[in-house]
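**Q** got a sequence here, can you model it:
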Amino acid sequence: MMTKAGVIPLKQFQGPDAEISDDIVIGKDILDLLTGAMYVDPLSIYREYIQNSADAIQEAREAGLYSAAKPAWIKIYVDPKARSVTILDNGIGVPQKDFVRCLTAIGASRKRGADLRGFRGVGRLSGLGYCQELVFRSRAGGDRKVSELTWDGKKLKDLLRSDSQTELTEAIKSIAKTRVVSAEGRPEHFFEVELRSLGRVHNDVLLNDGEIHSYLSQVAPVPFSPDFRFGEAIADFLARYTKYDTVDITIGPSGKIFRPHSDQFPITDKVSDTFAGITFFQVPGMEDDIDAVGWLLTHSYLGAISKRAHVEGLRARVGNIQIGTADVFDSLFTQPRFNSWCVGEVHVLSKRILPNGRRDNFEVNGHLQNLHGHLAKTAKDLIKICRDKSVIRNRLKSAALLVESAHQSISLLEQNNFSTLKQYFEAFSSKLLGQLDQLVRSSSLSEAERTLVANRSKALADRLRLTSRNGVRRRDPLAKVGAVKRRAYEEAIDAVLSSALPISVRADLTQRIIRRATHKSIA
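**A** Residues are numbered from 1 along each chain as shown. Model (predicted):
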């Protein structure tokens, strides 16, 4: 049937919708994505396994399995000689009856819908792309045996290189084997990940205790150091809004891992700064709730914080585990470099703001955009603070240079070695003190800074008055020079005295100018 516009509707040619009756094929290559291709940074595998351990410990806490005599823990053992790593926790464990089904499920996690960190069921295989064998072992309360599942990384690589059209289920059955082993000497409930025959990647970073320690100190849910004076205040604040659980993690000879924050931190190899205070904030949601809370440490904002401090930038955390890196919010700063001048965190509370599969950022939706909108205002305020502090520092540097120049000029007058130049150095010293007085009256300096500069200026002025009163008066050396030439010579003298040359060199050059002006030979 024709419409008024003379066009036949497309629906006239479409058949009814029908369910798909063909078999759905999920091929082996999905394993390639899950065992390495998803994660850019090899160290991310430690985050994935620590996240799973933290969830298991949270479940064990809720089940009342810990006490003062039996605390929660995660232990990491690195064996460079055997090229193996073991990550062991005393979390709730996986019951033997669920063990194989749980650990061979792909993209199906029992955590979905629970108040836990992981829920996609893909991170557990992240280590398989870096080792020849990936072994899982676990025991839940009441189990008499330990369940073990071994994934063969070598077989996986051979399978992925082959031309066979192997389906996912068949592929898993060909590379994963399970068994039960004795529980003797094992904790009552635990989970263990063992990576055997690790390959060399990024300067062997996966077997470097120091690199692993540094990475986990930033991303893992470990406590702040007892020596960090703001750690307790941050923990108390976050505990009002979320389950702010921390876990004791130890790694080889490095011992217990703490967050990297300390009272002092480096700006450059030669310059350091100290945290002076802390501010807390909330990010309102779109439905009268709170989507996130955060904190920012205040300091002198001397410049970009050194990356070796491992604290730079406004960072994101979910479940007290870091999402992405220090640059996750760079785009919110009109000048991204200023993000590295600040230190703080945003703890996301809303279940509508989800980390993406790689956990290097968040899934994009309206709730994330709302979060970004509020944080952009925070970033704008931080940029203003950085700029204002930079202006003040520049003025303080100017004040220091003026003080030093005035001091040198007056010292030369006090020595009386260049008596013919007395009037020029007096005038130059007075000019410098006038510039200092202008800085003192500037509103950009704090009261303490203004007082400091004013006291130094007054002391120099007193010295100048005393020198002028006690010195020998001489006639004007350019008295007989014509007005036009005199003005030119005085401009040259002023330029020399205002230069950055040593004061004695400036005095010598000024004396040479006067000798030339009065037709005297240059020594």
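
**Q** poorly predicted segments of the protein, please.
**A** Applying pLDDT under 70 to the chain flags residues 1-18, 20-39, 107-122, 416-420, 443-446, 448, 470-475, 519-523.

**Q** looking at it, which helix is longest?
**A** Assignment by DSSP state H gives helix 366-415 as the longest helix of the chain.

**Q** what's the first helix or strand after that one?
**A** helix 422-440 (DSSP states H and E).

**Q** run the chain-centre distance for that following helix.
**A** Chain-centre distance of helix 422-440: 45 Å, with Cα atoms, centre = their mean, to the nearest Å.

**Q** in whichever helix or strand comes after it, what's buried?
**A** Going down the chain from helix 422-440, the next helix or strand is helix 447-470, by DSSP H and E. Buried residues in helix 447-470, defined by neighbour count with 16 or more other Cβ atoms under 10 Å: 449-450, 452-454, 456-457, 460-461, 463-464, 467-468. The C-beta positions use only the backbone N, C-alpha and C, and glycine is treated the same way.

**Q** pick the one among those residues closest to residue 144.
**A** Taking Cβ to Cβ as the measure, residue 144 sits nearest to residue 449 out of the buried residues of helix 447-470, at 71.8 Å.

**Q** quick one: that closest one from residue 303, how far?
**A** 19 Å (Cβ to Cβ, to the nearest Å).

**Q** give me the buried positions along the helix or strand harbouring residue 265.
**A** Assigned by DSSP H and E, residue 265 belongs to strand 264-266. With burial defined by 16+ other Cβ under 10 Å, the residues of strand 264-266 counted as buried are residue 265.

**Q** for that strand, which strands pair with it and how are they oriented?
**A** Partners of strand 264-266 in the sheet, by DSSP bridges, are strand 272-274 (antiparallel).

**Q** now find how far off-centre the strand it pairs with is within its chain.
**A** Strand 272-274 sits 16 Å away from the centroid of its parent chain (Cα atoms, centre = their mean).

**Q** can you give me the buried ones in it?
**A** Buried residues in strand 272-274, counted by 16+ other Cβ under 10 Å: residue 273.

**Q** over to stretch 279-294?
**A** In stretch 279-294, counting by 16+ other Cβ under 10 Å, buried: 283, 285, 291-294.

**Q** now the end-to-end length of that stretch.
**A** Terminal residues of stretch 279-294 lie 9 Å apart, using Cα to Cα, to the nearest Å.

**Q** ok, and what's touching it?
**A** 237-238, 241-242, 295-296, 298, 314, 344-350, 352-353, 366-367, 370-371, 374-375, 378 (Cβ atoms under 8 Å, 6 or more residues apart in numbering).

**Q** in strands, which of these fall?
**A** 295-296, 298, 314, 344-348 (DSSP state E).

**Q** I'd like to know which of those residues is nearest to residue 481.
**A** Residue 481 has its nearest neighbour among these in residue 298, at 57.8 Å by Cβ to Cβ.

**Q** OK, contacts around that closest one?
**A** Taking Cβ under 8 Å, 6+ apart, one finds 275-279 in contact with residue 298.

**Q** what's the answer for residue 136, then?
**A** 103, 124, 148-151, 191-193.

**Q** same list (these) but as TSV, adding distance to residue 330, neighbour count and secondary structure.
**A** Formatted as TSV, the contacts of residue 136 follow (distance: Cβ to Cβ, whole Å; neighbours: other Cβ atoms under 10 Å; DSSP: H, G, I helix; E, B strand; the rest coil):
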residue	distance to residue 330	neighbour count	secondary structure
103	37	19	helix
124	30	24	helix
148	44	17	strand
149	40	19	strand
150	41	17	strand
151	37	24	strand
191	36	26	strand
192	38	22	strand
193	33	24	strand
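
**Q** could I get these as JSON lines with distance to residue 225?
**A** Below are those laid out as JSON lines (distance: Cβ to Cβ, whole Å):
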{"residue": "103", "distance to residue 225": "35"}
{"residue": "124", "distance to residue 225": "31"}
{"residue": "148", "distance to residue 225": "37"}
{"residue": "149", "distance to residue 225": "37"}
{"residue": "150", "distance to residue 225": "38"}
{"residue": "151", "distance to residue 225": "37"}
{"residue": "191", "distance to residue 225": "27"}
{"residue": "192", "distance to residue 225": "28"}
{"residue": "193", "distance to residue 225": "27"}
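
**Q** residue 503: which of those residues is nearest?
**A** Among the contacts of residue 136, residue 193 lies closest to residue 503 (Cβ to Cβ), at 68.6 Å.

**Q** buried stuff in stretch 381-390?
**A** By neighbour count with 16+ other Cβ under 10 Å, stretch 381-390 contains the buried residues 382-383, 385-386, 389.

**Q** just stretch 40-51 next, same as before
**A** Along stretch 40-51, these residues count as buried under the neighbour rule (16+ other Cβ under 10 Å): 42-51.

**Q** how about stretch 230-239?
**A** The neighbour-count check on stretch 230-239 (16+ other Cβ under 10 Å) flags 231, 234, 237-238 as buried.

**Q** and those residues, which of them are in helices?
**A** Counted as lying in helices by DSSP H, out of the buried residues of stretch 230-239, are 231, 234, 237-238.

**Q** please enumerate the helices of the stretch 201-350 of the chain.
**A** 209-219, 231-239 (DSSP state H, counting those that start in this stretch).

**Q** ok, which of those helices comes nearest residue 431?
**A** Proximity to residue 431 (Cβ to Cβ) singles out helix 231-239 among the helices of the stretch 201-350 of the chain, at 49.2 Å.

**Q** give me phi/psi at the residue lying closest to residue 195 once chain neighbours are set aside?
**A** Leaving aside its chain neighbours, residue 195 sits nearest to residue 131 (4.2 Å; criterion: Cβ to Cβ, 6 or more residues apart in numbering). Main-chain dihedrals, residue 131, degrees, to the nearest 10: phi -140, psi 170.

**Q** residue 131 contacts residue 198, doesn't it?
**A** Yes: contact criterion Cβ atoms under 8 Å: residue 131 and residue 198 qualify, at 4.9 Å.

**Q** if I look at these two, which residues touch both of them?
**A** The overlap between the contact sets of residue 131 and residue 198 (Cβ under 8 Å, 6+ apart) is empty.

**Q** list the contacts of residue 389.
**A** By Cβ under 8 Å, 6+ apart, residue 389 lies in contact with 300-302.

**Q** hmm, 10 Å instead?
**A** By Cβ atoms under 10 Å, 6 or more residues apart in numbering, the contact set of residue 389 is 299-303, 341.
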